[in-house]
Structure formats: C-alpha cells, structure tokens
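> Kindly return the folded structure for what I paste below:
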Amino acid sequence: MKDKGYIDGETKKTPKGPNKVILTLTDKGIEEYYKRVIESAKVFHNLIMDTIIKRMGAIFRNFFEKIGYDMNKFQNKKILFDIPKIFQSNFQSRLINSIFAPLDTEVVIYIQPKKMEEKNLFRIFKRTKVDLKIIDENLSIKPNSMDIIFMFGGILKEELHSRFLNSREFLKQDGVIFLIMRSKNKVERPREFGGFMEEIVRDFPKKHLNAFREILPPMFLEKPPTKPLNHEQIQKLILELFEEVQLFKEHIFLDVYVIQKLKIS
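Presented below is the predicted three-dimensional model:
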C-alpha cells in the first residue's frame, strides 16, 4: 500500500530493540479507504435486501392463504402498487417479482418508478406472467379502473388521507386495498442502531456522503415521526371513505389493513 501512496511511515528510535515505524494514512489513502467502505456497504446492503425481499414475498403469499384470499383472484386483475419514495428506487419491482413470479398467474401491475430505474425494470419480469405497466406522461390511471391496490407505509394523517383519496378515485367499486404498514411497536428504529448510523453519517466526508446515503434505506437515516397514527386513528380515517376494514395485526413484522367497498358520496 505504501508504493501506491496510501500510507506513509515515520521512523522513531527506541531505547531498546529495533526502531519503530509509525504508519499513517495519506490523503490518497483516506480517499481509497472511504471508496472501499462504500463498495463493501453496497455488497452487504444488496445481500440484506435480497434476503428481506425474498422473505417478504413469502410472507405476503402466506398471508393471503391465511386470510382465505385465493391467489387465483389475482388472475387478469389490474393492480396498482403505491410505494412511497422513501424506499430504494428498485425496491418495488423486486418486491413485485418476489410476490408474483412464483405464481402461475397472469396479472397486470401498474407502478410509478423513479426515472433512473425504468430501463432496468422489465428485465426481471421476462420469464414471469407479470405484465408491468409504467405510469408516466404517456400512461395515466383512469378512474374506477383498478381491481387491487397495494399501499405501503404512511403513518401521518395528512399523507394517508391524501393517498386514500387518490386510491378511492382509481379503485373499482368492488375493488380491495391492502394497506401494509410496519407494526406499531416496530415503527421506531432500534435506538442502538439508529445512534450508530447517525454517528457514521456525521463523521463521513461530505465528498462521499451522498454515495453512502444512496446505499442505506432512508428510514435508517431519518428520525421517525413523533406521533404516528395508532390502529384506531387509521381505521377511523379509512372508514371516512370506505365501508369495510379488517386489521390483521403483526403478521411477522407488518400490520395489514384489508379495505373494501367505497362509500358513495
């Protein structure tokens, strides 16, 4: 590493024995160190996310079986995935693939990805029966056209209410919404991990900070809301716009609200 200019050495005489050489990182060495930290973090993150997404796909299939929702009901249905931007850009496509790729079921799924991921989306669905539709300036969702909406996250009243209003416009009268949220007792990050991440971000060089932030889920870098909605408040909000709601608490680490029957205003 010394020949690459990453470290420098200072020789110090000692009263006894051989002289000591104290090694220090050069500016070039510090630069290389953080580059390798980011590369290692990417590998670790991809490994963790692959495991989580694979597990979530199995969780959802088991959940539908548990509540008696036959997966054949997805056949030829139009499905909208409503996932907040807080998740990584390729999270939703990988999750959809994890849920539906193992099924012998033809489905039409609408998503609104970040612009940078669009060109890579269709590749993972080539050998599946998923017909993926990209919502953009060329394709919009028509009112009363969606059979099923998967809605992820959202624990603030204003955010949820806005998304419910949009869902109400797109959903068919006999459609269903699956609202998926982290269980209330798991909304806050573990304190030790949160403090650890804050220390890393605070000490990370500004030059490499954005690259590091892009690797980690934003939920690990942002403080959770001080007053997230509880189950009763969420159900009350739902029943302002819909006739029926069933809550399935803490299915592994998720709460799932099954919402049906639009209220006719």
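> tell me the helices in this protein, going along the chain?
For the chain, the helices defined by DSSP state H cover 27-66, 91-100, 118-121, 157-170, 191-203, 206-215, 231-239.
> Just name the most buried of these.
Mean neighbour count, computed with mean count of other C-beta atoms under 10 Å, is highest for helix 91-100 among the helices of the chain, reaching a mean of 22. Heads up, the C-betas are built off the backbone N, CA and C, glycines and all.
> will you turn the helices of the chain into JSON lines that also has distance to I134?
As requested, the helices of the chain are exported to JSON lines (distance: least, C-beta to C-beta, whole Å):
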{"stretch": "helix 27-66", "distance to I134": "20"}
{"stretch": "helix 91-100", "distance to I134": "10"}
{"stretch": "helix 118-121", "distance to I134": "6"}
{"stretch": "helix 157-170", "distance to I134": "16"}
{"stretch": "helix 191-203", "distance to I134": "33"}
{"stretch": "helix 206-215", "distance to I134": "22"}
{"stretch": "helix 231-239", "distance to I134": "28"}
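> do you know which of the ones you listed lies nearest L262?
For the helices of the chain, the distance to L262 is smallest for helix 157-170, at 6.0 Å, taking C-beta to C-beta.
> sorry, back to before: would you mind giving the helices of the chain as a markdown table with distance to L247 and mean pLDDT added?
Below are these laid out as a markdown table (distance: least, C-beta to C-beta, whole Å; pLDDT from 0 to 100):
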| stretch | distance to L247 | mean pLDDT |
| --- | --- | --- |
| helix 27-66 | 13 | 84 |
| helix 91-100 | 21 | 83 |
| helix 118-121 | 32 | 62 |
| helix 157-170 | 14 | 85 |
| helix 191-203 | 27 | 63 |
| helix 206-215 | 34 | 76 |
| helix 231-239 | 6 | 89 |
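> Any idea which of those helices gets closest to S145?
Using C-beta to C-beta and comparing the helices of the chain, the one that lies nearest S145 is helix 157-170, at 6.2 Å.
> about what we covered before: so which of the helices of the chain is nearest M146?
helix 157-170 (4.6 Å).
> ok, back up a step: so which of the helices of the chain comes closest to Q75?
Per C-beta to C-beta, nearest to Q75 of the helices of the chain: helix 91-100, 11.1 Å.
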